[in-house]
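Asker: with the sequence up front, the predicted model follows.
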Amino acid sequence: MRALFTLCLLSAAAAAGAQGRQPISPRFAADPSPHFFRTAAGGAFHVYATDDASNSGKYWDSTSWRLYTSPDLQAWTDAGVPLDVSVFKWARPDAKAWAPEAAYRHGRYYFYAPVGGDRIGVAVSDRPDGGFVDARGDALVDKARDANAGDEPIDPAVFVDKDGHAYLYFGTRVPKVVRLQADMKTLDGAIRNVEIHGLPDPKKTYGEAPFLHERGGIYYFSFSSGWPGQILYATGSSPLGPFQYRGVILDYLKISTNHQAIVEHEGRSYLFFHDALLPGGGSHRRAITWAPLSYDEQGGIRPVPLR
């Protein structure tokens, strides 16, 4: 049964500032992939997540993902398990299910799944809340097969530009990008390193959680600086970069990871991330929350206060 609960926020800004962050669910979850999808039932925010509630509590070793939906960012429904690693027959049944990504294109929903820490699979469905099947029969990105896949091909993020070209970002320690073909399940060319220029010091470097969004012709590449990490961002004139460092979006949290994604809807931007917000929470028991995101007159992202 799907669980429905409401976050009674006085306002997004008040909850973010004076009253502290509110989790979108009483269930442990992390690594949010937020989207606003329009379906026959109407439009709703969909947040795909790593399911911390089903891991061991000692490591990120869950084998399924979780989905949460909301029409308004306040009343959230736990939509259960949209899929687990058993969808991918080429994967071990106990393979780790880490930070997911989703995309909608050509009337279908695509789910990008880091499996086992060394491969990224892609599944497809006609609906966003389930029915996903393996779109390929093998991994989209495979560390053992693909040149320049990096140490850990994890944390996938998909960006579809206004010209229709799609890009996949992923990786730890060195960020990677590769174009996707129009079918959204085939790589289009070689995997490239993402160049970030102007990083101010060795502590502010790339660790994981790459994400790209575009606003006003500026491409914003955001990422976590490590373990623990800040959420930093850089900007460029192309989805492929290079990107110039601009600053901090979100400061260090009191957990070992920091993972963000940004969704834009009706002219507003929202930053989703995870933190230790629930009783018993910590680095392996995280909770998802969100905050409004704003920009200054020069297109810079204003830092998001933690409380």
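Answerer: Yep, it's here. Numbers count the residues shown, from 1 in each chain.
Asker: quick one: the helices in the protein?
Answerer: For the chain, applying DSSP state H gives helices covering 12-17.
Asker: least confident secondary structure element in it?
Answerer: helix 12-17 (a mean of 35; mean pLDDT, DSSP states H and E).
Asker: quick one, what contacts the spatially closest residue to Lys89 that is not a sequence neighbour?
Answerer: Nearest non-adjacent residue to Lys89, counting by Cβ to Cβ, 6 or more residues apart in numbering: Asp134, 6.9 Å away. Bear in mind the C-beta positions are built from the backbone N, C-alpha and C, glycine included. Contacts were defined as Cβ atoms under 8 Å, 6 or more residues apart in numbering; by that measure Asp134 touches Val87, Phe88, Lys89, Gly121, Val122, Ala123.
Asker: which of those fall in strands?
Answerer: Gly121, Val122, Ala123 (DSSP state E).
Asker: quick one: which of those has the most company?
Answerer: Gly121 (28 neighbours; other Cβ atoms under 10 Å).
Asker: is it true that that one touches Gly137?
Answerer: No - counting by Cβ atoms under 8 Å, Gly121 stays clear of Gly137, with 9.8 Å between them.
Asker: okay, and the common contacts of these two?
Answerer: Joint contacts of Gly121 and Gly137 (Cβ under 8 Å, 6+ apart) are Trp90.
Asker: is the closest residue to Tyr104 other than its chain neighbours bridged to anything, and to what?
Answerer: Excluding the flanking residues, the one nearest Tyr104 by Cβ to Cβ, 6+ apart is Phe37, at 5.9 Å. Applying DSSP bridges to Phe37 gives these bridge partners: Ala44.
Asker: residue ranges for the strands of the stretch 1-150 of the chain, please.
Answerer: 3-6, 30-39, 42-50, 65-70, 75-80, 101-105, 108-115, 119-125, 133-134, 141-142 (DSSP state E, counting those that start in this stretch).
Asker: for the nearest residue to Arg173 once chain neighbours are set aside, what are its contacts?
Answerer: Distances taken as Cβ to Cβ, 6+ apart put Asp151 closest to Arg173, at 5.8 Å, once the chain neighbours are dropped. Asp151 makes contact with Lys143, Gly171, Thr172, Arg173, Val174 under the criterion Cβ under 8 Å, 6+ apart.
Asker: now Asp151: how far from Phe221?
Answerer: 19 Å (Cβ to Cβ, to the nearest Å).
Asker: same question, Pro239
Answerer: 9 Å.
Asker: these two: which has the busier surroundings?
Answerer: Phe221 (29 against 21).
Asker: quick check: bridge partners of the residue most central in space within the chain?
Answerer: Nearest to the geometric centre of the chain sits Ser33, at 3.7 Å (Cα atoms, centre = their mean). Ser33 has these beta-bridge partners by DSSP bridges: Tyr48.
Asker: I'd say it and Ala102 touch.
Answerer: Yes - contact criterion Cβ under 8 Å: Ser33 and Ala102 qualify, at 5.5 Å.
Asker: give me the low-pLDDT residue ranges for this protein?
Answerer: Within the chain, the ranges that satisfy pLDDT under 70 run 1-20.
Asker: state the number of residues packed around Ser86.
Answerer: 11.
Asker: and it, what is it in contact with?
Answerer: Applying Cβ under 8 Å, 6+ apart, the residues contacting Ser86 are Thr63, Pro93.
Asker: please redo it, this time with the cut-off set to 10 Å
Answerer: Residues in contact with Ser86, defined by Cβ atoms under 10 Å, 6 or more residues apart in numbering, are Thr63, Ser64, Pro93, Ala95.
Asker: quickly note the distance from it to Pro93.
Answerer: 6 Å.
Asker: joint contacts of those two?
Answerer: Joint contacts of Ser86 and Pro93 (Cβ under 10 Å, 6+ apart) are Thr63.
Asker: Ile231 contacts Leu253, correct?
Answerer: Yes - in terms of Cβ atoms under 10 Å, Ile231 counts as a neighbour of Leu253; the distance is 9.3 Å.
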